[in-house]
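1. can you look at this prediction? I've put the sequence above it.
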Amino acid sequence: ATAAGLQYQADLVALAALDRISGPAESSNPDGTKTWQVAAGVGGENAPGLSINAFARAQVVIIAGDTVTWTNQSRGAVAHTVSGFGASREAIPQNLSPYQPGCMTSSGEIHLPPAGTFPADIWNTCIGAEVNTFTAFSQPTVPSGDPYTAGARSSGILLSEEYLNSPIGDGLPYTSSYSVVFPEAGTYHYHCAIHPGMEGTVIVIPKPMPL
């Protein structure tokens, strides 16, 4: 417990470094736009099971036409999603979970919980027969790199590159990064559909007028 506590504090320092005032890492594209890097989760080097579930940087200010790329930097098999977008936190689509909890009946059928309930609500009714299946949102709803115009979008499950390159993760139908181009000015709120409270914002400002 002591070692985990120390590692957690060290990871908070690492997260703060990623969330520095100078802004996230960025690179220039041939067309004059930029691509901004955001970490999805932070993990400790010496604690594979420990993950700080936060986006770093949680708020990014970009120019219309720029791209944001989110990369899972959590340790081990900790998965994240980039799911949204909404004009406010309250407007973030809430129905993009990559997992569907349920109960397996004796005949092999899956009984799903009522809408709006939590996994424990149904799993407590079927101890030993719990199941957690994948939904369509375990995969990207729109290909990575496509411009965002309107509607709900999800990256699908993102896993760390380290895990995907391991013998356990090799061959899984997931990636570590997901990119979105933002052609229109506005404020775009999103979250991880797996971890409550893991939220971020992309603020897109109009392209400057040529002199």
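-> Done, it's in.

2. and the strands in this protein?
-> With DSSP state E as the criterion, the chain has strands at 26-28, 34-44, 47-56, 59-63, 67-72, 83-86, 99-104, 110-111, 130-134, 153-154, 177-181, 186-191, 199-205.

3. export those to CSV and tack on distance to residue 168 and mean pLDDT?
-> Backbone N, C-alpha and C define where each C-beta goes, glycine included. Formatted as CSV, these follow (distance: least, CB to CB, whole Å; pLDDT from 0 to 100):
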stretch, distance to residue 168, mean pLDDT
strand 26-28, 31, 90
strand 34-44, 16, 88
strand 47-56, 12, 73
strand 59-63, 32, 95
strand 67-72, 15, 97
strand 83-86, 25, 96
strand 99-104, 19, 86
strand 110-111, 25, 79
strand 130-134, 17, 85
strand 153-154, 24, 97
strand 177-181, 19, 98
strand 186-191, 27, 97
strand 199-205, 28, 97
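
4. do you know which of these lies nearest residue 146?
-> Nearest of these to residue 146, taken as CB to CB: strand 177-181 at 6.9 Å.

5. quick one: list the elements packing against the closest one.
-> strand 67-72 (3 or more CB pairs under 8 Å, 6 or more residues apart in numbering; DSSP states H and E).

6. in CSV, list the strands of the chain along with distance to residue 146 and mean neighbour count.
-> Below are the strands of the chain laid out as CSV (distance: least, CB to CB, whole Å; neighbours: other CB atoms under 10 Å):
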stretch, distance to residue 146, mean neighbour count
strand 26-28, 19, 12
strand 34-44, 14, 22
strand 47-56, 20, 20
strand 59-63, 16, 17
strand 67-72, 10, 23
strand 83-86, 13, 23
strand 99-104, 24, 18
strand 110-111, 32, 13
strand 130-134, 22, 14
strand 153-154, 9, 24
strand 177-181, 7, 20
strand 186-191, 14, 20
strand 199-205, 15, 18
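
7. looking at those strands, which is closest to residue 4?
-> Comparison of those against residue 4 by CB to CB identifies strand 47-56 as nearest, at 6.2 Å.

8. so what's the residue nearest in space to the middle of the chain up against?
-> Among the residues of the chain, the one closest to the centroid is residue 81, at 2.7 Å (CA atoms, centre = their mean). Going by CB atoms under 8 Å, 6 or more residues apart in numbering, residue 81 touches 96, 98, 137, 154, 155, 156, 157, 158, 192, 193, 194.

9. can you pick the most crowded of these?
-> Of all the contacts of residue 81, residue 155 has the most neighbours under the rule other CB atoms under 10 Å, reaching 30 neighbours.

10. that one contacts residue 176, correct?
-> No - taking contacts as CB atoms under 8 Å, residue 155 lies outside contact range of residue 176: 10.4 Å.

11. need the pLDDT of residue 135.
-> At residue 135, the model reports a pLDDT of 92.
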